[in-house]
Structure formats: C-alpha cells, structure tokens
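**Student:** sequence and predicted model, in that order:
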Amino acid sequence: MALTLLGIVVIVAGFAARLNPLLVVTAAAIVTGLAGGLDLIAVISAFGKAFNENRYVSVTFIVLPVIGALERAGLQERAKSFITSLKAMTTFRILALYMLARQIAVALGLTSFGGQAQMVRPLIAPMAEAAAEAQLGPLPAFQRERIRAQAGAAENIGLFFGEDIFIAIGSILLMRGFLQQNGILVEPLELSVWAIPTAISAAIIHCTRLYLFERKLKKRVGAP
Amino acid sequence: MIGLLPVYLLAGAVFGAIAVLSAFDRANPKRWANTAFWGLFATSFLAGDYLGDLGNGVLVIAMVALAGVVGLGYGRARNPNTDQRPALAQRYGNKLFIAALAIPTMTLFGALTFPRIMIGGAPLFDPAQTTLVAFACSVVLAMVIARAVLKQRIPAALDEGRQLLDLLGWAALLPQMLAALGAVFALAGLGTAVGDLAVQAIPEGSRFAAVAAYTFGMAIFTAMMGNAFAAFPVMTAGIGLPLIVMKFGGDPAVMASIGMLSGFCGTLTTPMAANFNLVPVALLGIQDRYAIIKAQIPTALILLIVNTVLMYVFVF
C-alpha cells in the first residue's frame, strides 16, 4: 500500500526540479499504477479512460479565439485608457475591488462572472498595470509581471473564499453528502454560514497584502 | 437532450482549425509538432469515445511526447495588428467592454434558464451540464458580436487564439492530465495510504492538536493531490469525525466547513492545481512559472493559521 506513495514522490521531485510537468504527471501515473498492482497496459488504459472522461476540463480554452478577437479590436488598450482616465484608481484599489466583487458575486452563486482567461488577462491585469504606470511611469518588465501575478492571485483568492458561502456549490454538496453517509445530517445553510468567518478573514488578509505590495512597489521604483 | 456532445464537437472544430493554421505558420520552426499536438487534441474531442481506453491512453502519451520530448514551438499570429489597436480602442470605446462582459453575463443567464426549458415534459438540456453548454453558447454569441459589431473576422480570431494557445503550450493539457492522474491515484488506493500516514502522525490527547492536525492535514494533502475534494473524505474520515466530532464532541458543520476552506489554502500553494496556478501564468505572459503561487503563499499560510484558530474557538 505504502508503495503507491512513490507517485507523490515523483510529483514532488519532478515539480521541484522544474521538469516538464506533463512528463512528471505521466511518470507519476505509471509509477502509481504499477505500484498499485496494475500492469503497464492497464495503467495506460486507465489513464486514457480518465483523460477522455475529463475532457470537459479543457473546454474552457474555446474562449481564447474570442478573447483574441476582442484584443485585436483593442480591448486591452481600452481597459488601460479607461483606468488611466480614472485618476483615483491605483493598482491596490483595482485588485482589492476586483477580489471583493468576485468574492461577493460567487457567494451569491454567480460563479461564472470572472475567470483568468475571460476577465484577468484582457481586463484586470492590463488595468492594474496601467494604474501603476500612470502613477509611477514606465515600469521594468519584472515589476509588470509581478503586478500581473497579483491580478491572477486576486482572482483565485476571491473565487476560493467566496464560493463556499453559496449553498448550492459543489463543495457544500460534497461535505453534506459525506457527513450523511456517516449518519450526520447537516443543512447546507449551516455549512455555508461557517464559511463566512474565513471569507472575511481572507478579504482582510489579502487586501492588506495588496496594500503593502503597492507601497513596496512605489518604494522600489521611486515614486515622484 | 443537449449535453456535452455538441460542446465537444465545437471544441474539436476549434482545436482542429488551430492545428491547420499551425501547419501554415512557416515562421514557427516546430510547426509540425504544434500541428500534431493540437490535431491530437482535436481528435480526442471529436472521436475520443470511439478510440477505446488504450487508444486514448496512447493518444495522451503521444501528446506528452510531443510537448515534453520534441517540444512545441511558439506560433505567432500571421497578421498582427498591434499598432492599429489603440485607434480601434478609441473607435469602439465601451462597446469593447460590453462584448467582453457578454461572455460571463450570457453564461450566467444560460446557467439559470437552461434547466427550466422543457420540451414534452423532458428537459431540453442535460441538467448536469447546463453551465458548460451555456458557456459554449455564449462563446459562439460573443464571436457573433465581435464579427458584427467589432468587424473581427473569424479566421483572424482563430489565428489570434492559436497564438494564445501556443503561449500556454503544455500548460493547456496539464489540468486535464492532473484530473486523469487523480483517477489513477484513486484506483491505486493512494488516498487511503496518505490518510493512514496522516492519522499515524497525530499527537494523542489535546483538542488543539486534533484541530491543527485536521486543518494542516487538509492543506498538505490538498497541496499534494491538487484538489480539496480528494482530500476531504480521507482527512475527515481519518481525523475530523473520529477525533474532533466523536471524541471531543465538536460541531460537524463547523468542522466540515472550515476544514474544506483549509484545504483551499493548500490549493493556493501547489502547482498540482494547474488551472488556477500555472495556466494563468502562461496566459498572462509571466516568465516565472511559480509567480502566482509565490504571490499567494503568504495569504494561504496566514489564513490557514486563522482557520485553525477559528475552528478551535467555534467547533467546541
């Protein structure tokens, strides 16, 4: 049984060595399957079957040609000029506002309103960059990439720590079903109420960090 | 009943078109690797159900070999219009935002209304798949808007999409690969092996130790599996229910809710959650593969400690 843990070892070592993740994952699947008593053909078949069943995961990429079309029509440039025209908008305010809006929207069940490909790449990241450059002048590539990484992080944190407040989300149903199997009945509302303290803490912690990020950025670049 | 089949056919058509466009990109020295890679992805979407399990397995390994051994090239759009974009931005103004926000708005609208559409007493859309079907419909509608209002031609859009997909390269395949890896892990009984290990590691006795073992165990196990949903049943059966609820009389709703959110802290720290942490790095054109994870780790750690305290205070 403990041999199957070799799969985890392969994953951790492979990611740490920055090998190509696809090779790492394939190796981990083969090692785990062989350690679990399957032969090579059976492992490849099991992996192929699971790959085919999980195609829905990759369907989101069909949005990319449309995002490309909108970018050809000037979407990123429009997002930048819009933000520059609002003098009050700073990197911190944009990212904090987006995160809070995302958190509240998913808490109300509006999960699809956002996303890395649909919102962050064409709108939020260029806006956050433009706001910083409007304040601090042109930034080095390294700093612009850090701002973009913060935009991606704000999306994830808003999504993760808002969704469990909505009672019909997958994780609430999973928790309820699991407890029910073990003879404990809880209402979805009880579970979602107890997601609120963590959601508020996440908002406070990450907004503070975004504020500190902007302050540090100003110091590094030397604000006028 | 309309389910995932038409969505997969659309995805297959898009990836197929991208494979063909890759073949004509003479500026890309590895254009044939890209053509084969996206062509195989298209095949998976169009014909995956007819290939058999072993056939799909061989297809995946061929894609992995193309991306990991041969290496994919970085294709560029044939007709970049970068210098015209500021003028176009000025011409179209806020129409651009309307077109961009149309995708989430219509997805939401579809997700809310599709389940209610009945024909002859039967649902028109597969109730389990309405969000993805709604998403595919809004992508098509947004393309119609981009064509009609913003005068963007579909071949140019596909070519621009090809550039974005090539920017992702191997990262585009990773989330689906990890989902498949999760299935192999489950088949080999990896979850129970890790659970046993975690349960053996808990110090006996104190309430706080039980709570901390559960919240940190959820985070660490989630980071290893890339998914809190895989960690929750194992850790809750191993630590949450027997110790926090049975032995110390804790509230199961508080335990489960904050336990799951501790798992989400783990998701923020791991490359295994590729669709959240690695794909966006490529999409945003960031050099450092782990830049988003680095931006998230401090928040994840502080929040994990806060979760541990919250659970200790409220669960008993």
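**Tutor:** Yep, it's here.

**Student:** alpha carbons only for contacts and neighbour counts from here, please
**Tutor:** Noted.

**Student:** quick check: domain ranges of chain A?
**Tutor:** A:2-53, A:66-221 (automatic domain parsing).

**Student:** show me what contacts residue B:136?
**Tutor:** Residue B:136 sits next to A:62, B:7 when contact means CA atoms under 8 Å, 6 or more residues apart in numbering or on different chains.

**Student:** please work out the average pLDDT along the helix or strand containing it.
**Tutor:** Residue B:136 is part of helix B:130-148 when elements are defined by DSSP states H and E. With pLDDT averaged residue by residue, helix B:130-148 scores 92.

**Student:** list the buried ones in the least confident helix or strand in chain B by mean pLDDT?
**Tutor:** When each helix and strand of chain B is scored by mean pLDDT, DSSP states H and E, helix B:190-200 comes last, with a mean of 74. Neighbour counts over helix B:190-200 (16 or more other CA atoms under 10 Å in any protein chain shown) mark B:190, B:191, B:192, B:193, B:194, B:195, B:196, B:198, B:199 as buried.

**Student:** what's the closest of those residues to residue B:209?
**Tutor:** residue B:199 (12.0 Å; CA to CA).

**Student:** quick test: name the residue nearest the centre of chain B.
**Tutor:** residue B:275 (3.7 Å; CA atoms, centre = their mean).

**Student:** then chain A?
**Tutor:** Nearest to the geometric centre of chain A sits residue A:156, at 3.2 Å (CA atoms, centre = their mean).

**Student:** ranges for the helices of the stretch 201-316 of chain B?
**Tutor:** Assigned by DSSP state H, counting those that start in this stretch, the helices in the stretch 201-316 of chain B fall at B:207-225, B:228-235, B:252-267, B:274-277, B:279-283, B:291-315.

**Student:** re the thing from before, kindly calculate the angle that the least confident helix or strand of chain B makes with helix B:207-225.
**Tutor:** On the basis of axes from the mean of the first three to the mean of the last three CA atoms, to 10 degrees, helix B:190-200 is oriented at 150 degrees to helix B:207-225.

**Student:** against which helices or strands is the longest helix along chain A packed?
**Tutor:** Secondary structure of chain A per DSSP state H: the longest helix is helix A:196-221. If you count contacts as 3 or more CA pairs under 8 Å, 6 or more residues apart in numbering or on different chains; DSSP states H and E, helix A:196-221 packs onto helix A:91-107, helix A:141-163, helix B:291-315.

**Student:** need the ones you listed in a markdown table (columns: mean pLDDT and distance to residue B:149).
**Tutor:** Putting the helices and strands packed on helix A:196-221 into a markdown table (pLDDT from 0 to 100; distance: least, CA to CA, whole Å) gives the following:
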| stretch | mean pLDDT | distance to residue B:149 |
| --- | --- | --- |
| helix A:91-107 | 94 | 27 |
| helix A:141-163 | 96 | 29 |
| helix B:291-315 | 97 | 35 |
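
**Student:** nearest to chain A: which residue in the stretch 101-250 of chain B?
**Tutor:** The nearest approach of the stretch 101-250 of chain B to chain A comes at residue B:161, 3.8 Å away (CA to the nearest CA).

**Student:** okay if I get the helices of the stretch 201-316 of chain B as JSON lines plus distance to chain A?
**Tutor:** Shown next, in JSON lines, are the helices of the stretch 201-316 of chain B (distance: least, CA to the nearest CA, whole Å):
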{"stretch": "helix B:207-225", "distance to chain A": "7"}
{"stretch": "helix B:228-235", "distance to chain A": "7"}
{"stretch": "helix B:252-267", "distance to chain A": "5"}
{"stretch": "helix B:274-277", "distance to chain A": "7"}
{"stretch": "helix B:279-283", "distance to chain A": "6"}
{"stretch": "helix B:291-315", "distance to chain A": "5"}
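
**Student:** quick one, which of those gets closest to residue A:55.
**Tutor:** Nearest of the helices of the stretch 201-316 of chain B to residue A:55, taken as CA to CA: helix B:274-277 at 13.5 Å.

**Student:** returning to that earlier point: now, which of the buried residues of helix B:190-200 lie close to chain A?
**Tutor:** B:190, B:193, B:194 (CA under 8 Å from any CA of the partner chain).

**Student:** skipping adjacent residues, who's closest to residue A:102 in space?
**Tutor:** residue A:158 (5.4 Å; CA to CA, 6 or more residues apart in numbering or on different chains).

**Student:** how many neighbours does residue 41 have?
**Tutor:** If you meant another chain, say so; for now it's chain A. 15 (other CA atoms under 10 Å in any protein chain shown).

**Student:** the intended chain is chain B.
**Tutor:** When neighbours are counted by other CA under 10 Å, residue B:41 registers 24.

**Student:** domains in chain B, by residue range?
**Tutor:** Split by automatic domain parsing, chain B gives B:1-172, B:175-315.

**Student:** so which of the ones you listed is the most packed in?
**Tutor:** domain B:175-315 (a mean of 22; mean count of other CA atoms under 10 Å in any protein chain shown).

**Student:** how close does residue A:101 get to residue B:110?
**Tutor:** 21 Å (CA to CA, to the nearest Å).

**Student:** before we move on, what about residue B:89?
**Tutor:** Counting by CA to CA - residue B:89 and residue B:110 are separated by 29 Å.

**Student:** before we move on, the earlier item: what's the closest non-adjacent residue to the residue nearest to the centre of chain A?
**Tutor:** Of all residues not flanking residue A:156 in the chain, residue B:276 sits nearest, at 6.6 Å (CA to CA, 6+ apart).

**Student:** hmm, stretch A:27-40 touching chain B?
**Tutor:** Yes. Stretch A:27-40 lies within reach of chain B by CA under 8 Å from any CA, at A:28, A:29, A:32, A:33, A:35, A:36, A:37.

**Student:** and for the fifth one, the neighbour number?
**Tutor:** Read it as residue A:35. Residues lying near residue A:35 (other CA under 10 Å) number 18.

**Student:** spatially nearest residue to the residue of chain A most remote from its centre, not counting backbone neighbours?
**Tutor:** The C-alpha centroid of chain A is most remote from residue A:39, which lies 36.0 Å away (CA atoms, centre = their mean). What sits nearest to residue A:39 in space, not counting adjacent residues and going by CA to CA, 6+ apart, is residue A:33, at 7.5 Å.

**Student:** the one you found touches residue A:45, doesn't it?
**Tutor:** No. The criterion here is CA atoms under 8 Å, and residue A:33 misses it with residue A:45 at 10.7 Å.

**Student:** show me which of these two is the more surrounded one.
**Tutor:** More crowded of residue A:33 and residue A:45, by other CA under 10 Å: residue A:33, with 28 against 19.

**Student:** does the more buried one belong to a helix, a strand or coil?
**Tutor:** At residue A:33 the chain is in helix, as set by DSSP: H, G, I helix; E, B strand; the rest coil.

**Student:** quick one, what contacts residue B:279?
**Tutor:** Counting by CA under 8 Å, 6+ apart, residue B:279 makes contact with B:168, B:171, B:172.

**Student:** recalculate using a threshold of 10 Å.
**Tutor:** Contacts for residue B:279 (CA atoms under 10 Å, 6 or more residues apart in numbering or on different chains) come out as A:116-117, B:167-175, B:271, B:273, B:289, B:292.

**Student:** ok, the residues you listed vs residue A:205, which is closest?
**Tutor:** residue B:292 (16.6 Å).

**Student:** ok, now how distant is the closest one from residue B:15?
**Tutor:** 27 Å.

**Student:** go through the domains of chain A and name the closest to residue B:207.
**Tutor:** domain A:66-221 (19.4 Å).

**Student:** now that closest one, how far from the chain's geometric center?
**Tutor:** 8 Å (CA atoms, centre = their mean, to the nearest Å).

**Student:** surely residue A:189 touches residue B:253?
**Tutor:** Yes. With contact defined as CA atoms under 10 Å, residue A:189 counts as touching residue B:253 (9.5 Å).

**Student:** what residues are shared contacts of these two?
**Tutor:** By CA under 10 Å, 6+ apart, the residues touching both residue A:189 and residue B:253 are residue A:195.

**Student:** residue of the stretch 1-150 of chain B nearest chain A, please.
**Tutor:** Closest point on the stretch 1-150 of chain B to chain A, by CA to the nearest CA, is residue B:57, at 3.5 Å.
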